[in-house]
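>>> I would like to see how this sequence folds:
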Amino acid sequence: MLVGYFDESGTHSDSKVMGVGGFVADSHAWKKVRQHWRPVLQKYGVTHFHATDLESRKGIYLGWSIEKQIGFQKELTAVIRDRLPASLAFGVSHCVILEAYDRLVPIGSALRDVLGSPYNFLGYQCISRVLDWAETNQRPGPIEFIFESGGPAVGELTTTFYAVKPLKDCAMGELGFGDKKRTIELQVADLHAYEAYKHSDNREVEGVKRDVRKSLKAILSPGGNVRGWSLNQEKLAAFVPAAEKLLAELESPTSGHE
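Purely as a prediction, here's the structure:
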């Protein structure tokens with residue numbers, strides 16, 4: 001069975017970008033990830049991986065040298081690259097500029113009622129990309145989806161998930177939530193979500209086309225199975241009219257009838 005694990009990044013109060021990212025793979029591949037991830041944690045004397053704390057070397061990483069920080073992350077990204085190759089897995093992330101989202105999908109609008117909060121929008125976009133990947137690559141469902149339980153709108157995402165599920169011809173399994181401190185697969189998702197968020201924040205918000213971070217490059221396998229989408233003002237503006245047209249068609253009393 002395929003299982004996708006996803007986490008969010010950029011949910012702090014002053015964030016300008018939010019991202020959701022993760023990976024989908026079968027249970028055998030995830031077992032291999034756990035078998036190789038856990039020894040890295042033990043080697044460095046920590047119980048779990050947490051991207052934002054590692055970046056600033058705080059919490060369980062307080063007092064670490066830069067060399068230790070980089071070494072730890074390199075070993076974990078190697079696990080992702082080696083144990084979640086294109087033949088076994090698919091990685092996806094979606095990010096959005098929050099100011100642009102609130103401007104183009106304003107609170108109180110009919111479109112906001114459908115697309116929901118930025119977290120709900122990004123979470124479902126990731127789910128949709130996974131379903132597309134599975135169909136293209138003839139990976140039959142149902143696919144289970146697990147999100148980090150600390151997300152800002154998990155109830156909203158649950159409502160969206162089960163509203164869409166009957167339309168997907170059994171491709172969607174169940175939706176669940178877990179604690180990444182206890183779930184290695186969600187730690188993997190955390191690493192991807194954070195790197196996608198940082199990439200979007202560096203390029204879209206700061207306006208400087210920086211090189212891709214080495215830590216993000218490290219999980220980009222030659223097979224091209226890790227994909228990311230970042231919606232800035234321009235890209236979101238192109239997306240919204242199509243969504244509004246679809247909404248109008250669905251709301252039309254003659255929709256689907258001659």
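
>>> below-threshold pLDDT in the chain: ranges please.
Residue ranges of the chain with pLDDT under 70: 206-209, 221-223, 246-247, 249-258.

>>> can you give me the helices for it?
Secondary structure of the chain, counting by DSSP state H: helices at 27-43, 51-56, 66-83, 98-104, 110-115, 118-136, 154-164, 184-200, 214-217, 233-251.

>>> which other helices and strands contact the shortest one?
Where contact means 3 or more CB pairs under 8 Å, 6 or more residues apart in numbering; DSSP states H and E, helix 214-217 is packed against helix 184-200. To be clear about C-beta, it is placed using only N, CA and C from the backbone, and glycine gets the same treatment.

>>> may I see the buried residues of the helix it packs on?
Within helix 184-200, the residues scored as buried using 16 or more other CB atoms under 10 Å are 184-200.

>>> hang on, isn't Glu244 packed against Val114?
No: Glu244 is beyond contact range of Val114, at 9.5 Å (criterion: CB atoms under 8 Å).

>>> how far off centre is stretch 75-85?
17 Å (CA atoms, centre = their mean, to the nearest Å).

>>> tell me how many other residues surround Lys180.
Using other CB atoms under 10 Å, Lys180 has 21 neighbouring residues.

>>> pretty sure it contacts Ala193?
No: between Lys180 and Ala193 there is no contact under CB under 8 Å: 10.2 Å.

>>> so what sits against both of those two?
Common neighbours of Lys180 and Ala193 (criterion: CB atoms under 8 Å, 6 or more residues apart in numbering): Asp7.

>>> would you mind putting the CA coordinates of stretch 136-150 into CSV?
This file holds the C-alpha atoms of stretch 136-150, laid out as CSV (Å, rounded to 0.1, in the frame of the first residue of the first chain):
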residue,chain,number,x,y,z
THR,A,136,0.4,8.4,-14.6
ASN,A,137,2.7,5.7,-13.1
GLN,A,138,-0.1,3.1,-12.8
ARG,A,139,0.3,2.9,-9.0
PRO,A,140,-3.1,1.7,-7.9
GLY,A,141,-4.8,3.0,-4.8
PRO,A,142,-6.1,3.5,-2.3
ILE,A,143,-3.4,5.8,-1.0
GLU,A,144,-3.3,6.7,2.6
PHE,A,145,-2.3,10.2,3.7
ILE,A,146,-0.8,11.1,7.0
PHE,A,147,-0.2,14.8,8.0
GLU,A,148,1.5,16.2,11.0
SER,A,149,-1.0,16.7,13.8
GLY,A,150,0.2,20.2,14.6
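
>>> just the residues contacting that stretch, thanks.
Here stretch 136-150 has contacts from 1-8, 24, 90, 123, 127, 130-131, 133-134, 154, 157, 161, 168, 170-180, 183, 185-186, 189-190, using CB under 8 Å, 6+ apart.

>>> thanks a lot, see you next time.
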